[in-house]
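K.L.:
How does the following fold in three dimensions:
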Amino acid sequence: MKQFYKGIYFLIIILSVSITWGQDCDEGYVPDCSGDGDCCPENWIGDGYCDDENQTWGCDLICYEEEWSDCASFPQIFVYPIQIFQELEQDDFSTVILTIGNEGTEILEWFISNQNDISNWLSLDTYSGFLNPGTLEEVYATFNSLDLDEGEYNTDIFISSNDPFNEQIIIPVTIAVFNECNDGDLNFDGTLDVQDIILMISYLLNDYYTDCANMNTDELINIQDIIILVNIILNN
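P.N.:
As a prediction, the model looks like this:
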């Protein structure tokens, strides 16, 4: 489908590029694709509004590739988060919500294209779906550390869709399995140091949660936990 769209727009470019050649425009402006001699603001290209032959101000910019997505009608997928990290004690489980949405103007069809290759410590409650424009779906990803040794395990979730400009999204997934959790020892090396501070900052910025980083037992990871960890390290 993506090649189909590109083929159509390639023909448009072939027909219009010779027309735009030779037009001189001031800095910040580009030749109009219609060949009528107009110059249009360059920042109108790819700004989220369609600038074709029907544009209100008479600026046809459809011969510029960055403008294609502004004028085509198609589904547009978005996924959050773009990566998943979880820490689990042995023989435990947890669930993370993976949000899939459709920001486009057509129905989105999505599916997990590597379902049979995902590690068995990770399972999803659904592996495919359809989304109307402007809607989203929450997929529950469950981590299970049963029978896993201590260490870090990695896999990927491949999300394929009929979005012509984003046909596959890869979500890296990591699970860190530990036996016992010592507060602040986020890399499980038995000591508290600057590496643990860096990891805690990363957890805060990426919305990760683990009991090991919850220094004040408020079920949150925030700046207070970082301050407590820094003070413990400085006082040792």
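
K.L.:
Quickly list the domain ranges of this protein.
P.N.:
For the chain, automatic domain parsing gives the domain ranges 2-71, 75-179, 181-236.

K.L.:
May I have the distance across the second one, first residue to last?
P.N.:
It refers to domain 75-179. Across domain 75-179, the terminal residues are separated by 45 Å (CA to CA, to the nearest Å).

K.L.:
ok, and the closest non-adjacent residue to E152?
P.N.:
Spatially, and ignoring its direct neighbours in sequence, E152 is nearest to A176 (5.0 Å; CB to CB, 6 or more residues apart in numbering). Heads up, the C-betas are built off the backbone N, CA and C, glycines and all.

K.L.:
part of a helix, is that neighbour?
P.N.:
No. Assessed by DSSP: H, G, I helix; E, B strand; the rest coil, A176 does not belong to a helix; its assignment is strand.

K.L.:
Give me the neighbour count for it.
P.N.:
Neighbours of A176 under the rule other CB atoms under 10 Å: 18.

K.L.:
ok, it touching E89?
P.N.:
No. Look at A176 against E89 with CB atoms under 8 Å: they stay out of range, at 10.2 Å.

K.L.:
Now do the contacts for P81.
P.N.:
98, 171, 206-207 (CB atoms under 8 Å, 6 or more residues apart in numbering).

K.L.:
Over to W121?
P.N.:
Taking CB under 8 Å, 6+ apart, one finds 143-146, 148, 153, 175 in contact with W121.

K.L.:
Which members of the residues you listed are positioned in strands?
P.N.:
Under the assignment DSSP state E, the contacts of W121 contribute 143-144, 153, 175 to strands.

K.L.:
looking at it, E138 is touching T95, isn't it?
P.N.:
No. The pair E138 / T95 is not scored as a contact, 10.7 Å apart, by CB under 8 Å.

K.L.:
Including mean pLDDT, could the domains of the chain go into CSV?
P.N.:
Shown next, in CSV, are the domains of the chain (pLDDT from 0 to 100):
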stretch, mean pLDDT
domain 2-71, 74
domain 75-179, 93
domain 181-236, 86
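
K.L.:
Quick check: phi and psi on the spatially most central residue of the chain?
P.N.:
Using CA atoms, centre = their mean, the residue of the chain that lies closest to the mean C-alpha position is I82, 3.9 Å off. The phi/psi pair for I82 (degrees, to the nearest 10) reads phi -90, psi -10.

K.L.:
Could you find the closest non-adjacent residue to it?
P.N.:
Using CB to CB, 6+ apart, the closest residue to I82 is I171 (6.5 Å).

K.L.:
Show me what the helix or strand harbouring the one you found is packed against.
P.N.:
Secondary structure assignment for I171, by DSSP states H and E: strand 168-178. With contacts defined as 3 or more CB pairs under 8 Å, 6 or more residues apart in numbering; DSSP states H and E, strand 168-178 has these neighbours: strand 77-80, strand 84-89, strand 151-161.

K.L.:
relative orientation of it and strand 84-89 in degrees?
P.N.:
Interaxial angle of strand 168-178 relative to strand 84-89 (axes from the mean of the first three to the mean of the last three CA atoms, to 10 degrees): 20 degrees.
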